[in-house]
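>>> any chance you can model this:
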Amino acid sequence: MTFDIQPILENEQAILYPLREEDFDDLYAVASDPKIWEQHPNKERWKEEVFRTFFDGAIQSKGAFKIVDKATGHIAGSTRFYEYNAEENSICIGYTFYATAYWGKGFNHSVKRMMLDYIFQFVSQVYFHIGVNNIRSQVSIGRLGAEKVGEMEVAYFGETSKQNFLYKMSKEGY
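Here you go, the predicted structure:
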């Protein structure tokens, strides 16, 4: 099946625009806060040279987005679709981060619901890789209804592999 993993998506709170090279400075302005990365597998992503590697991987994935707050027009963070598997009819959602101003306000939940509403038109399963120490993200994805189904090492673009939990949502259970 052919479908676009980098469409423009919009709901009442946010607009997801395909990430472009010219978005680096604005997105790094958000990502440069060390607090964002405290529980993340790569705690150094707040550093510009480390974030540049992350950003380059996002661009090359051709599934990454900048998340824009509709109320303010500010960039709230980034997320992406990745690792489409035609045989399993699955895809991953992840590499998500937000400015701390968006934490605990339902913004992530709203964005993930929008992404799931879109992608479940084309796939039957969605996976999420979440760092074993990233409690905030584990709680958040659990609230969405994803189920922890395993643990695995994830190879990050240009970075060392890190241990992650694997969460899954099925179209039927959504």
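>>> residue 42 touches residue 57, doesn't it?
No. When contacts are counted by C-beta atoms under 8 Å, residue 42 is not listed as touching residue 57 (11.2 Å). Using the backbone N, CA and C atoms, a C-beta is placed for each residue, glycine as well.
>>> what do these two both touch?
Common neighbours of residue 42 and residue 57 are listed as residue 156 (criterion: C-beta atoms under 8 Å, 6 or more residues apart in numbering).
>>> shaky segments in the protein?
For the chain, the stretches flagged by pLDDT under 70 are 1.
>>> which strands and helices sit next to the longest strand anywhere in the chain?
What stands out as the longest strand in the chain, according to DSSP state E, is strand 75-85. Strand 75-85 sits against helix 24-31, helix 48-61, strand 64-69, strand 90-98, helix 107-119, with contacts defined as 3 or more C-beta pairs under 8 Å, 6 or more residues apart in numbering; DSSP states H and E.
>>> strands paired with the shortest one, and their directions?
In its sheet, strand 64-69 lies beside strand 14-18 (antiparallel), strand 75-85 (antiparallel), with partners assigned from DSSP bridges.
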